[in-house]
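A.B. asks: Sharing a sequence plus its predicted fold:
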Amino acid sequence: MTRRKIMNEQQKVELKLIHMEDVVSKEVEWLWYPYIPYRKITIIEGDPGEGKTTLVLKLAAALSRGLPLPCDDDKEYEPIHIIYQTAEDGIEDTIKPRLEKAGADCSMIRVIDETDKELSMTDDRLEQAIIETGARLIILDSIQAYIGATVDMHRANEIRPVLKHLGIIAEKHNCAIILISHMNKASGSKSTYRGLGSIDIQATARSVLLVSRFRDKPNIRIMAHDKSSLAPAGDAIGFEMTEDNGMVCIGPYDITIDELLFGNEGRGKKKLDIAENFIKEYFGTNKVIPSNEIMMEAAKRSIKRNTLLSAKKKLGITSDKEKAEDGTIYWTWVMPE
């Protein structure tokens, strides 16, 4: 038997067909709409020192306590268990102190001990830890550290099976997986081609978020949606770095990915200004407005929900419950005196 014939025999797999009519449709579930979906891989990328880890720690701290995420102040969250793996920073002297400063409930965040053996994306311990803890979020910082020593990141045929395995775990256990990635030094290049390794890394992710800064405002960081396969891309969000290595959300930014890559500020906070003016106009002389009415009108004017909520917060508007004549409870926005 020839070598080719032997290989053909080995590659034979029984044909299995799935009838599309038998497939049960599911809606995408979101950890943070529209940025981080459950059951999928999300990549957060940027140059070294741009604030990727700081952003992820801020998100992890909020999620561990069920607190609102940036620009999502009116949404209620349940605290979730998190697995956080890092090969970039020390757990005792960097990660734990920064989580504490961010207000995290550290009892909800666990780390797989790598003392005896370094972890990789294909390591069985990763899935075991998800099962044991019920974790809904897994963070690997960075892709380069956890891809596996024998895997060449620049070869699609090597990187795709690893990420497919990771995606299967996310689907199977209904959790979100965040991979933090560094970018190469090809300044000004299209973001898709600036990620380290094969372009298939980005192709596998359903959401890719870019974190960068402005040339003339080094304390400002912007998180922008570079790829969004499951929903319309979300607004870019601005953050201000604090002296204790934390981040404070300053609201949506009107900027493109290309502007961000070149370090330009773009149109800045124009979207937020538009949303503020809209809210003031809509309220007029009223002090209380049904929240669903103003949100529907904002959508008609192409003002995104997150931008509207950031403008609401900036204006000091609070939410309250009212009872209609038929006894129905509904939410309202209340303008401060």
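C.D. replies: Thanks, I have the structure now.

A.B. asks: how does the chain divide into domains?
C.D. replies: 26-261, 270-334 (automatic domain parsing).

A.B. asks: and these as TSV, adding mean neighbour count, distance to Leu17 and mean pLDDT?
C.D. replies: The C-beta positions use only the backbone N, C-alpha and C, and glycine is treated the same way. Listed next are the domains of the chain as TSV, based on neighbours: other C-beta atoms under 10 Å; distance: least, C-beta to C-beta, whole Å; pLDDT from 0 to 100:
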stretch	mean neighbour count	distance to Leu17	mean pLDDT
domain 26-261	18	20	88
domain 270-334	15	41	88
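
A.B. asks: Pull the contacting residues for the spatially most central residue of the chain.
C.D. replies: Geometric centre of the chain, nearest residue: Ile36, 3.9 Å, by C-alpha atoms, centre = their mean. Applying C-beta atoms under 8 Å, 6 or more residues apart in numbering to Ile36 gives the contacts Trp30, Thr42, Ala176, Ile178, Ser207.

A.B. asks: Swap in 6 Å and give it another go.
C.D. replies: Taking C-beta atoms under 6 Å, 6 or more residues apart in numbering, we find Ile36 in contact with Thr42, Ala176.

A.B. asks: Leu209 versus that one, what's the distance?
C.D. replies: 8 Å (C-beta to C-beta, to the nearest Å).

A.B. asks: Same question for Lys321.
C.D. replies: With C-beta to C-beta as the criterion, Lys321 and Leu209 are 34 Å apart.

A.B. asks: Then Ile329?
C.D. replies: Applying C-beta to C-beta, the value for Ile329 to Leu209 is 36 Å.

A.B. asks: How about Asp123?
C.D. replies: From Asp123 to Leu209 the distance is 25 Å (C-beta to C-beta).

A.B. asks: ok, now Gly103?
C.D. replies: For Gly103, the distance to Leu209 - C-beta to C-beta - is 22 Å.

A.B. asks: Likewise for Tyr35?
C.D. replies: Relative to Leu209, and taking C-beta to C-beta, Tyr35 is found at 6 Å.

A.B. asks: do Glu118 as well
C.D. replies: 26 Å.

A.B. asks: likewise Ala149?
C.D. replies: Distance, Ala149 to Leu209, by C-beta to C-beta: 27 Å.

A.B. asks: now swap in Pro70 and tell me
C.D. replies: 12 Å.

A.B. asks: what residues do these two have in common as contacts?
C.D. replies: Joint contacts of Pro70 and Leu209 (C-beta under 6 Å, 6+ apart) do not exist.

A.B. asks: Tell me where this structure has helices.
C.D. replies: 3-11, 52-65, 96-101, 124-133, 143-146, 156-173, 200-204, 257-261, 270-283, 291-300, 305-314 (DSSP state H).

A.B. asks: Can you name the residues that contact the closest residue to Thr133 other than its chain neighbours?
C.D. replies: Spatial nearest neighbour of Thr133, chain neighbours left out: His81 (4.8 Å); criterion: C-beta to C-beta, 6 or more residues apart in numbering. Neighbouring residues of His81 by C-beta under 6 Å, 6+ apart: Met108, Thr133, Gly134, Ala135.
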